[in-house]
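>>> take a look and give me a structure for this.
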Amino acid sequence: MMILVAGATGTVGQHVTELLMTRNRTIRALTRYPEQAKDKLPEGVEIVAGDLMKPETLRDALQGVEAMFLITSSDEPNADLNTDPQVVALAEEAGVKRIVVLVGYEEGPVEESLRASDMQWTLVKPAEFMANVLADWGETIRTEGYVREFYGEALSARVHERDIAAVAVEALLEDGHHGKSYPLTGPEALTRREAVRTIAAAIGKDILFIEKTEEEARQQWRDQGYDEESVEFFVQIAKNPPEAGYTVLPTVEQVLGRPARTLAEWAVEHKREFLTERERGD
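Residues are numbered from 1 along each chain as shown. Reported below is the predicted structural model:
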């Protein structure tokens with residue numbers, strides 16, 4: 001079986017690729033930047049160029065593909081990606097039998113097109129990635145030993161990106177997942193304060209939590225170029241996050257037959273990235 005992995009260099013896509021490799025599958029990695037992808041992907045992965053926003057560029061990449069991991073937007077920094085729903089029609093035309101989609105904040109035209117197709121499909125809908133912790137807090141934890149955030153009581157049932165990938169791989173390779181929509185969370189809902197304490201205990205480093213005032217948070221978002229409507233949305237989503245973001249679900253364990261990984265486990269895996277050279281003993 002030839003499997004096409006879109007977003008193969010992304011936070012989840014890299015894990016999807018690695019897990020498929022461990023199961024001896026033939027993988028074709030789709031990327032807009034093939035030269036940059038070579039250093040990020042395992043040896044043996046076929047790398048092909050294509051742009052999900054330009055469906056006509058995918059015709060060659062889809063040839064001989066039986067299953068596909070598809071993303072609708074990118075989790076890479078500053079990446080502008082909004083997948084064209086025509087990609088679904090091209091995949092069906094090319095003979096793709098099964099597609100697993102990593103769904104963003106909410107469903108859109110791509111998911112709608114997939115539901116209307118004759119292909120087998122599965123939707124994977126994760127809560128906040130644990131990887132966001134490193135992107136948002138990693139620098140100040142490493143260099144200053146603190147996290148400075150607005151509203152420390154905001155809850156999140158963060159999910160390990162490798163668990164997201166594992167569910168996607170299971171749906172790609174095994175039967176019984178057609179038509180399923182899988183909301184994924186970690187095994188616990190933690191406030192921002194609790195998450196910082198959990199990371200500190202896991203990596204053995206004191207980390208101070210400093211709470212921004214609402215006005216400080218508002219001003220920071222204004223300084224970043226957001227309009228007042230967006231700023232107000234950010235404030236309200238922090239104070240009143242959607243229940244889907246912090247309601248712990250058993251989906252990962254139901255699909256994989258094992259518990260979802262905890263934030264503490266994730267932090268141990270990334271310990272070196274939170275420590276200075278001196279702290280690491282380098």
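
>>> and the nearest residue to T276 once chain neighbours are set aside, how far from L134?
Leaving aside its sequence neighbours, T276 sits nearest to R142 (CB to CB, 6 or more residues apart in numbering; 6.0 Å). No exception for glycine: its C-beta is placed from N, CA and C like everyone else's. Remark: distance between R142 and L134 (CB to CB, to the nearest Å) = 10 Å.

>>> any idea which helix or strand comes after the helix or strand hosting the residue nearest to T276?
Per DSSP states H and E: R142 is located in helix 131-143. Next helix or strand after helix 131-143 toward the C-terminus (DSSP H and E): strand 146-150.

>>> strand partners of the very next helix or strand once past that following strand, parallel vs antiparallel please.
Counting by DSSP H and E, the next helix or strand C-terminal to strand 146-150 is strand 155-156. Strand 155-156 pairs in its sheet with strand 190-191 (antiparallel), by DSSP bridges.

>>> hmm, who's touching the helix or strand following the partner strand?
Downstream of strand 190-191, the next assigned helix or strand under DSSP H and E is helix 192-203. Residues outside helix 192-203 that contact it (CB atoms under 8 Å, 6 or more residues apart in numbering) are 133, 137, 141, 147, 149, 151-154, 156, 158, 190, 206-207, 209, 263-265, 267-268, 271, 274-275.

>>> between R142 and L134, what contacts are shared?
Joint contacts of R142 and L134 (CB under 8 Å, 6+ apart) are E273, F274.

>>> any idea how this protein splits into domains?
2-126, 128-158+187-246+262-282 (automatic domain parsing).

>>> on that earlier part again, packing partners of the helix holding R142?
Contacts defined by 3 or more CB pairs under 8 Å, 6 or more residues apart in numbering; DSSP states H and E place helix 131-143 against strand 146-150, helix 192-203, helix 263-269.

>>> T185: which of those is closest?
The closest of the helices and strands packed on helix 131-143 to T185 is helix 263-269. By CB to CB, the value is 11.5 Å.

>>> next structured bit after the closest one?
Counting by DSSP H and E, what follows helix 263-269 is helix 277-280.

>>> P42 belongs to a helix?
No: P42 is assigned coil when assessed by DSSP: H, G, I helix; E, B strand; the rest coil, not a helix.

>>> okay but it is in contact with V16, surely?
No: look at P42 against V16 with CB atoms under 8 Å: they stay out of range, at 11.5 Å.

>>> neighbour count winner among those two?
V16 (30 against 13; other CB atoms under 10 Å).
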